[in-house]
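K.L.:
Show me how the following folds:
(3 chains)
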Amino acid sequence: MAISLREPILDWYAEHNRDLPWRRPEATPWGILVSEIMLQQTPVVRVLPVWTEWMERWPTPEALAAVAPGEAVRHWGRLGYPRRALNLHACARAITADHRGRVPSSYDELRTLPGIGDYTAAAVASFAYGHSHAILDTNVRRVLGRAVRGEEYPPKATTSGERRLAESLLPAVGAPRWGVAVMELGALVCTARAPRCDDCPIMSQCAWRLAGRPAHDGPVRRGQTYAGTDRQCRGRLLAVLRDAHGPVPKEALDVVWADHVQRERALDGLLDDGLAEVLTDGTYRLPG
DNA sequence: CAACCGTGGAA
DNA sequence: TTTCCAAGGTT
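P.N.:
Just a heads-up that it's a prediction; the model follows:
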């Protein structure tokens, strides 16, 4: 079962893979690291233009390390989860100071960098340096969950069973290509909402499809409403700082959110997170 | 470990 | 219009 998944998926990938800039041979480890962090919870189409601009502006870790952290946040634009921009800037400074300007190649060293968890460390070690690691992102978990476990959606948190399965599937040679191939299958065919099973290279073996594509039982899906949350408020406040050329008076922040208590809480949160700072004259700006 | 952390496009 | 969720990580 395990072995028979590889060939059809790798053959499918050879024909259907997208030509993404961070997958090209000329992509640097730094470019790959930047792409992986930008892609956390963010669709490819929105990452593409920002990644391209970043690579032109900051082609090396040293280049990013040389500017203020606020510049990273400013050029993050509206990608979302802006602390990732701060993490990337901190990565650049750590790589410059502690790794001679080279992105570390080992999983363990990568894992020590801010904002790099299990998936991103495995992805960079694998895709940038050719190392063999199990890639367990949301796509892979969904594909393997369906194909092998026969369930529509994977568990909320990664289980040891999922990890063992992914590791058991690692080929002796070509682990990076295998990892990206399964991810791509999940992104283009074995999608969360309307999977295109008719186009799937492993449809004849997929446990979920063979079982008649049973709907996810268990608890109902989570509904994370966004309107009115602190997150939305933080986003509004940060947008003001990002779009301003210099420091802004507090009144400029006050006008974008009506609820005073929530606004103050959100602003304090931004300051605590290092995404904004107050100057001695009481004005606010991105971190300098 | 559940909650939190943005944003926008598709269904 | 509302809901879902997209190459996660941290606390």
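K.L.:
Flag the shaky bits of the stretch 1-150 of chain A, pLDDT-wise.
P.N.:
Scanning the stretch 1-150 of chain A for pLDDT under 70 picks out A:1-3.
K.L.:
Residue of it nearest DNA strand C, please.
P.N.:
Closest residue of the stretch 1-150 of chain A to DNA strand C, C-beta to the nearest atom of the strand: residue A:117 (2.6 Å). In short, each C-beta sits where N, CA and C put it, glycine included.
K.L.:
can I assume residue A:102 sits in a strand?
P.N.:
No. Judged by DSSP: H, G, I helix; E, B strand; the rest coil, residue A:102 forms no part of a strand; its state is coil.
K.L.:
Quick check: phi and psi at it.
P.N.:
When quoted as degrees, to the nearest 10, the phi and psi of residue A:102 stand at phi -110, psi 140.
K.L.:
The nearest residue to it once chain neighbours are set aside: what's it in contact with?
P.N.:
Distance criterion C-beta to C-beta, 6 or more residues apart in numbering; nearest residue to residue A:102, sequence neighbours excluded, is residue A:95 at 6.9 Å. Counting by C-beta atoms under 8 Å, 6 or more residues apart in numbering, residue A:95 touches A:61, A:65, A:101, A:102, A:103, A:104, A:113.
K.L.:
Tell me the most packed of those residues, by neighbour count.
P.N.:
If you count neighbours using other C-beta atoms under 10 Å, the busiest of the contacts of residue A:95 is residue A:61, which has 27 neighbours.
K.L.:
rewinding a little: now do the SS call for the residue nearest to residue A:102.
P.N.:
Secondary structure assignment for residue A:95 (three-state DSSP): helix.
K.L.:
how near is it to residue A:89?
P.N.:
Per C-beta to C-beta, to the nearest Å, residue A:95 is found 11 Å from residue A:89.
K.L.:
Next, show the common contact partners of those two.
P.N.:
If you check residue A:95 and residue A:89 against C-beta under 8 Å, 6+ apart, the residues they both contact are residue A:65.
K.L.:
neighbours around residue A:106, how many?
P.N.:
Residue A:106 has 13 neighbours, counted by other C-beta under 10 Å.
K.L.:
Close to DNA strand B: what parts of chain A are there?
P.N.:
Proximity of chain A to DNA strand B (C-beta under 7 Å from any atom of the strand) is limited to residues A:41-43, A:46, A:78-83, A:156-157, A:193-194, A:226, A:229-232, A:234-236, A:238-239, A:269, A:275.
K.L.:
burial measure for the closest residue to DNA strand B within the stretch 1-150 of chain A, as a count.
P.N.:
Nearest residue of the stretch 1-150 of chain A to DNA strand B, counting by C-beta to the nearest atom of the strand: residue A:80, 2.1 Å away. As a burial measure, residue A:80 scores 14 neighbours (other C-beta under 10 Å).
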